[in-house]
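J.: Next input, structure requested:
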Amino acid sequence: MCYASYMKKIIYYLLLLVFIGIFAGFLISNQGQSMSMGQMLGACAVLVVYTVALSLVGETGTVDEREVHHRRLANRAALAAGTAVMSLGLLYQLFIVHQLDLWLLAGLITVNLTKIVSYIYLDQKQ
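T.: Have a look, this model is predicted:
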């Protein structure tokens, strides 16, 4: 892989991190205050753009088996981290807040159900 292509990827990843960091800072600074309709629409638009941009990470044409392996490891690490964060969030809500956010539970179920169904499908496909 050439140096310029490698640097483009690194800059893309860093920009995504800076982008979500600024957005998180905005949300934290407005915590406890109600947002106006314009702010809520802007926050939704930012999340849509971020989700689309993040979904494109590593989805370029593969060059070799090493790159495919790296993509799979990154996806596995992201799944494990997301599952851990949602599980910890559920435990926090159950034992500290004593109120369960059903969206967090639905997200955890969706992530794991998708993994199981895709694994079964891909296993039967071969």
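
J.: Gln124 sits in which helix or strand?
T.: Per DSSP states H and E: Gln124 is located in helix 102-125.

J.: Show me the contact partners of that helix.
T.: In this structure, residues lying in contact with helix 102-125 by C-beta atoms under 8 Å, 6 or more residues apart in numbering are 79, 82-83, 86-87, 89-90, 93. The C-beta positions use only the backbone N, C-alpha and C, and glycine is treated the same way.

J.: so which of those is the most crowded?
T.: Counting neighbours by other C-beta atoms under 10 Å, Met86 leads those with 19 neighbours.

J.: Next one: that one from Tyr92, what distance?
T.: Met86 sits at a distance of 11 Å from Tyr92 (criterion: C-beta to C-beta, to the nearest Å).

J.: same check, this time on Thr51
T.: Separation of Thr51 from Tyr92 (C-beta to C-beta): 24 Å.

J.: any chance you could map the helices in the chain?
T.: Counting by DSSP state H, the chain has helices at residues 3-29, 37-55, 65-92, 102-125.

J.: Same list, these, but as JSON lines with mean pLDDT please.
T.: What follows is the helices of the chain, written out as JSON lines (pLDDT from 0 to 100):
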{"stretch": "helix 3-29", "mean pLDDT": "77"}
{"stretch": "helix 37-55", "mean pLDDT": "80"}
{"stretch": "helix 65-92", "mean pLDDT": "85"}
{"stretch": "helix 102-125", "mean pLDDT": "83"}
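
J.: Grab the nearest non-local neighbour of Phe19.
T.: Tyr50 (6.2 Å; C-beta to C-beta, 6 or more residues apart in numbering).

J.: Touching, the one you found and Leu17? I think so.
T.: No. Here Tyr50 does not reach Leu17: they are 10.6 Å apart, not a contact under C-beta atoms under 8 Å.

J.: Which residue of these two possesses the greater neighbour count?
T.: Comparing Tyr50 with Leu17 by other C-beta under 10 Å, the one with more neighbours is Tyr50, at 14 against 10.
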